[in-house]
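A.B. asks: No letters, just coordinates:
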């Protein structure tokens, strides 16, 4: 036996494509998108209903969130307890949530019970009765969450950031789940009316992913949802207006804090950005998306100020945000904030080819793993459906990723990052507010926690 004297060549991975979809549309306007992923016998279903938060009455904000949480708390045919028992008996996991773009109802079910899952989905979205007791319970839960959000530094920073960054008339400036006053005012009758007005098949999409061999998905969906009628609200692609005084620093005073929460943002792109979306995930990775990114290389590894600070571009239906956030040792508040803003500003000077290539490789080469399961396929398709995009966008974006270089991400960064930062600091203002002012980074106002 002779030993091999040469090693085989290692070829680069071939371009990867998102699983191919088959598309159908029922007569009532409901779109059906199917992804057949052989061997995955837990089927993932996502019903997405376009429902912009701006559709909520101003004095009932949070009603969409309460509605989503009470869809499965009893239907015309089953009480809340009976409905829960049916889900458990068939091994069906059902949940619902609201985002800026709309309502998502998600189910996970074994292949042999897909028909049962579709029937229960139909009942939840078409026939909810919103029992008074359940509505009251979920309102109390949400009111308790609001108190928790104000007590948690990370969530408190997020609330102050949107309130500072967006103009006060914009729905985006207020929490998705509503405020104390608006949630407390919601009644069962409000929920019934809101549901009847806004939850409908026209313009909505049902995503089904998993091993679909032997399942006639369109026929089964038509059988349970074909008689559903109405048109959902299709939101216009209007960017939320930034506040005129957004470029400033707000210090939320929490006396005695041993850590300080930093939250920073500026406007960013949506997925339809001029020049393509591909540079922005790379920028997120390079600036603050990994332990080796620019921010942590200084603030964590060199200075020891933090366990980690993350930064990334977050697209909205139109426009978006470039967000950076994390906590630092309280005694490093002033120096950490100054360094962090310097690092973010330095990106306008450009990026190196090696760090760019690391970001491109990570995002591109991990894509097959990220979308290896039916639930992640369904989640991606559902997210894009709310932005009126298909998963062809994902495939095309990954192909475009291969062309991304340092010059391109530098240009993309400069297009949005101008240095006009909205900054929120949550910590001990009595000890550190004056130091923050001395940075000369803009007006500093102090507000109570």
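C.D. replies: It's in. These figures come from a predicted structure and were not determined experimentally.
A.B. asks: so where do the strands sit in the stretch 101-250 of the chain?
C.D. replies: Here the stretch 101-250 of the chain has its strands, by DSSP state E, counting those that start in this stretch, at 102-110, 205-210, 249-253.
A.B. asks: Mind listing the strands the last one pairs with, and their directions?
C.D. replies: Spelled out, that is strand 249-253. Each strand paired with strand 249-253, and its direction, by DSSP bridges: strand 422-427 (parallel), strand 444-448 (parallel).
A.B. asks: I'd like to know which elements whatever helix or strand comes next after it is packed against.
C.D. replies: Using DSSP states H and E, the helix or strand that follows strand 249-253 in sequence is strand 259-268. Other helices and strands packing on strand 259-268, by 3 or more CB pairs under 8 Å, 6 or more residues apart in numbering; DSSP states H and E, are helix 153-165, strand 310-315, strand 320-329, helix 333-346, helix 406-416, strand 422-427. (Each C-beta comes from the backbone N, C-alpha and C, glycine too.)
A.B. asks: how about low-confidence regions in the protein?
C.D. replies: Counting by pLDDT under 70, the chain contains low-confidence residues at 1-4, 234-238.
A.B. asks: doesn't residue 145 make contact with residue 180?
C.D. replies: No. With contact defined as CB atoms under 8 Å, residue 180 does not reach residue 145; the gap is 10.6 Å.
A.B. asks: Check what contacts the longest helix along the chain and list those residues.
C.D. replies: Longest helix of the chain, by residue count under DSSP state H: helix 132-151. If you take CB atoms under 8 Å, 6 or more residues apart in numbering as the criterion, helix 132-151 is touched by 62, 65-66, 69-70, 73-74, 80, 155-156, 159, 175, 177-180, 183-184, 186-188, 191, 449.
A.B. asks: of those, buried ones?
C.D. replies: The neighbour-count test (16 or more other CB atoms under 10 Å) marks 62, 65-66, 69-70, 73-74, 80, 155-156, 159, 175, 177-178, 183, 186, 188, 191 as buried among the contacts of helix 132-151.
A.B. asks: that older thread, would you format the strands of the stretch 101-250 of the chain as a markdown table with mean neighbour count included?
C.D. replies: A markdown table is the format used below for the strands of the stretch 101-250 of the chain (neighbours: other CB atoms under 10 Å):
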| stretch | mean neighbour count |
| --- | --- |
| strand 102-110 | 22 |
| strand 205-210 | 28 |
| strand 249-253 | 22 |
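A.B. asks: Please identify which of those strands is closest to residue 320.
C.D. replies: For residue 320, the closest of those is strand 102-110, at 16.8 Å, according to CB to CB.
A.B. asks: picking that back up, save the helices and strands packed on strand 259-268 as TSV, and put in distance to residue 136 too.
C.D. replies: Formatted as TSV, these follow (distance: least, CB to CB, whole Å):
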stretch	distance to residue 136
helix 153-165	24
strand 310-315	34
strand 320-329	35
helix 333-346	42
helix 406-416	44
strand 422-427	32
